[in-house]
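Undergrad: dropping a prediction and its sequence here:
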Amino acid sequence: MKIDWTVCCAALLVLAFAVLPQVEAAEVLNGVKARGQLRCGVSEGIPGFSEQDADGRWHGFDVDFCRAVAAAVLGDPDKVDLVPLLASTRFPALQTRRIDLLLNNTTWTLTREAVLKVQFPGILFYDGQGFLVPAKIATLADLDGATICVERGTTHQRSLEAYFETKGWSVKPLVIDSAPEAAKALFAGRCRAYTSDASLLAAMHLRAPKDAQDFVILPERISREPFSPAVWGGDPEWATVIRWVLNILILAEEYGVTRGDLDAVIAENRNPLVRRTAEEANIIARSLGIETGWGIRALRAAGNYGEMYERNVGRDSPLKIERGINRLWTQGGLHYAPPLD
């Protein structure tokens, strides 16, 4: 009898999480404030998203968002503890409260929300599952029957197998513990392709050794991967804070507010977003359980959404990933935020 290890693992996770203590309302938020530090789970090192430089300082899209939340909640973007995690260990770290906020290229799925009781406050980055291959491979059809590297603990193996099945192709997944190791396996010839989020593939390609540069990312995408911050579902107040920090960054871009001109915009008091935020600052802050000025602090820390994108993964970064569907809705993209009122 063939054992469905995916089902078995999911069942074990459910049993494990069922015995965890329940979180009281605002417990995570109150814990962050009492500790004076925000613990964010990030990747072990994906250029553009979360990576340490030679001085040990973290940089990246996920890192910037973590700092924006810390600025909003604690008044200081540096009051963060960035915890590097494998994809396979990220949800246990969240469930056991080793971290307060998960930012690790995490796809919002029904199983994770319903079974693991994880809450996804909003879409931080839209991506899709792609394939990094030797340049001589032209299309996905060339991978029929191939061994394909895939990272453990992600949605990618299931999507890979489902897609190939619909095409009538065969595939041999080679499951590897981390993204850097999966990329190394590809460059060493252990697999014919590496499948993952297209942004991660771009990051791994950027870090490829010089003798392994003859690789390309195929244009096909076999899934949609909406990345979201993730929090433990038992604290809706905390999820609300995370959601609205993200929304403020998106709204700021829509209203033309940048980090560089923030002080001037505040002084002029003409920008509708800044003025509206100021009018109800105390009411909103008290309702969220944080100090007045949280939105301004978040913007000072990270800039608006567009600035954060371009600086880390877009035109001002080594990755130079086109914004595409990560543009605002007014520019043909998918990002927009609910109104403040």
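TA: Received, thanks.
Undergrad: give me the neighbour count for residue 143.
TA: Residue 143: 22 surrounding residues under other CB atoms under 10 Å. For every residue, glycine as well, the C-beta is placed using N, CA and C.
Undergrad: which strand residues bridge the nearest residue to it once chain neighbours are set aside?
TA: In space, and not counting its chain neighbours, residue 143 is closest to residue 193: 5.5 Å by CB to CB, 6 or more residues apart in numbering. Counting by DSSP bridges, residue 193 forms beta bridges with residue 148.
Undergrad: from residue 320, how far out is residue 193?
TA: According to CB to CB, to the nearest Å, residue 193 and residue 320 sit 22 Å apart.
Undergrad: ok, these two, which is more surrounded?
TA: Neighbour count, other CB under 10 Å: between residue 193 and residue 320, residue 193 has more, with 25 against 13.
Undergrad: these two touch, right, the more buried one and residue 130?
TA: No - using CB atoms under 8 Å, residue 193 is not in contact with residue 130, being 9.7 Å away.
Undergrad: you'd agree residue 216 is up against residue 133?
TA: Yes - at 6.4 Å, residue 216 counts as touching residue 133 under the criterion of CB under 8 Å.
Undergrad: who has more neighbours out of these two?
TA: A side-by-side neighbour count of residue 216 and residue 133, using other CB under 10 Å, places residue 133 first with 25 against 16.
Undergrad: what's the burial count for residue 308?
TA: The tally of other residues near residue 308 (other CB under 10 Å) stands at 22.
Undergrad: surely it touches residue 67?
TA: No - counting by CB under 8 Å, residue 308 does not reach residue 67; the two are 10.1 Å apart.
Undergrad: common neighbours of these two, please.
TA: Common contact partners of residue 308 and residue 67 (CB atoms under 8 Å, 6 or more residues apart in numbering): residue 302.
Undergrad: tell me the first helix or strand C-terminal of the longest helix anywhere in the chain.
TA: Ranked by residue count, the top helix of the chain under DSSP state H comes out as helix 236-254. Sequence-wise, the next helix or strand downstream of helix 236-254 (DSSP states H and E) is helix 262-268.
Undergrad: list the buried residues for the helix or strand that that next one is followed by?
TA: Downstream of helix 262-268, the next assigned helix or strand under DSSP H and E is helix 272-279. For helix 272-279, burial by neighbour count (16 or more other CB atoms under 10 Å) applies to 273, 274, 276, 277, 278.
Undergrad: for the residues you listed, which one is nearest residue 249?
TA: Closest approach between these and residue 249, by CB to CB: residue 273, at 11.2 Å.
Undergrad: how close does the closest residue to that closest one other than its chain neighbours sit to residue 330?
TA: Closest residue to residue 273 apart from its sequence neighbours, by CB to CB, 6+ apart: residue 255 at 4.0 Å. Distance, residue 255 to residue 330, by CB to CB: 11 Å.
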